[in-house]
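# got a predicted structure here, sequence first:
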Amino acid sequence: GSSTQKMQRLSRTRTMLRLLMHQLSEADRRRAGYSFTDLISECTFAGKTCSSFDFTSFLHPDYGVCFTFTKEREISLAGSTQGLRMLMTVNQDSPRFSTFDFLPTSDGADIRGLLHLPQDYPDFTNDAFKLAAKTQTAIAFRKVPISEENVSIQAGFLNF
């Protein structure tokens with residue numbers, strides 16, 4: 001039907017956009033994306049101010065410039081002030097004109113985040129949670145064993 005054809009066209013369009021984007025240099029792709037300060041205006045971890053020096057950036061084929069929180073510390077105290085707290089800005093044009101500022105390779109103007117092991121590449125499609133624009137969200141994680149070898153999720157690697 002018509003709905004299936006629209007979805008197929010959208011999928012092909014996104015694939016073509018990814019291919020076109022990869023023809024740009026890495027520097028051009030980074031310039032076209034958000035900078036750390038465009039996206040994050042406030043950041044604290046365990047009650048202490050964090051900055052762009054606590055993050056690394058990488059280019060994702062669908063989401064452009066992404067940032068990984070790389071502070072390698074464990075949190076021993078509970079509470080919302082002890083974790084990673086960020087004030088993030090999702091820029092959108094006036095809704096009156098129905099024009100939103102998001103990549104055409106993504107579904108909308110939101111933040112995607114996920115917790116992953118340092119050696120794993122982040123899978124935003126299957127493992128991420130969405131944080132909607134114009135909302136306040138609190139997410140809690142707890143360290144638990146994930147295999148017989150007692151491998152645990154390490155706090156401190158959060159992508160968005």
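Alright, I've got the coordinates.
# any idea which element the nearest residue to residue 34 once chain neighbours are set aside lies in?
Among residues not flanking residue 34 along the chain, residue 65 sits closest, at 5.8 Å (C-beta to C-beta, 6 or more residues apart in numbering). No exception for glycine: its C-beta is placed from N, CA and C like everyone else's. Following DSSP states H and E, one finds residue 65 within strand 64-69.
# which parts of the protein are strands?
Remark: strands assigned in the chain by DSSP state E are 40-45, 48-49, 55-60, 64-69, 84-88, 110-115, 129-132, 158-159.
# packing partners of the strand holding residue 65?
Applying 3 or more C-beta pairs under 8 Å, 6 or more residues apart in numbering; DSSP states H and E, we find strand 64-69 packed against helix 26-32, strand 55-60, strand 158-159.
# so which of these is the most packed in?
strand 158-159 (a mean of 23; mean count of other C-beta atoms under 10 Å).
# got the angle for the helix ranked longest in the chain vs strand 55-60?
Identified as the longest helix of the chain according to DSSP state H is helix 2-23. Put simply, helix 2-23 runs at 120 degrees to strand 55-60, going by axes from the mean of the first three to the mean of the last three C-alpha atoms, to 10 degrees.
# and the helices and strands packed on strand 64-69 as TSV, adding distance to residue 13 and mean pLDDT?
Shown next, in TSV, are the helices and strands packed on strand 64-69 (distance: least, C-beta to C-beta, whole Å; pLDDT from 0 to 100):
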stretch	distance to residue 13	mean pLDDT
helix 26-32	18	85
strand 55-60	18	89
strand 158-159	25	50
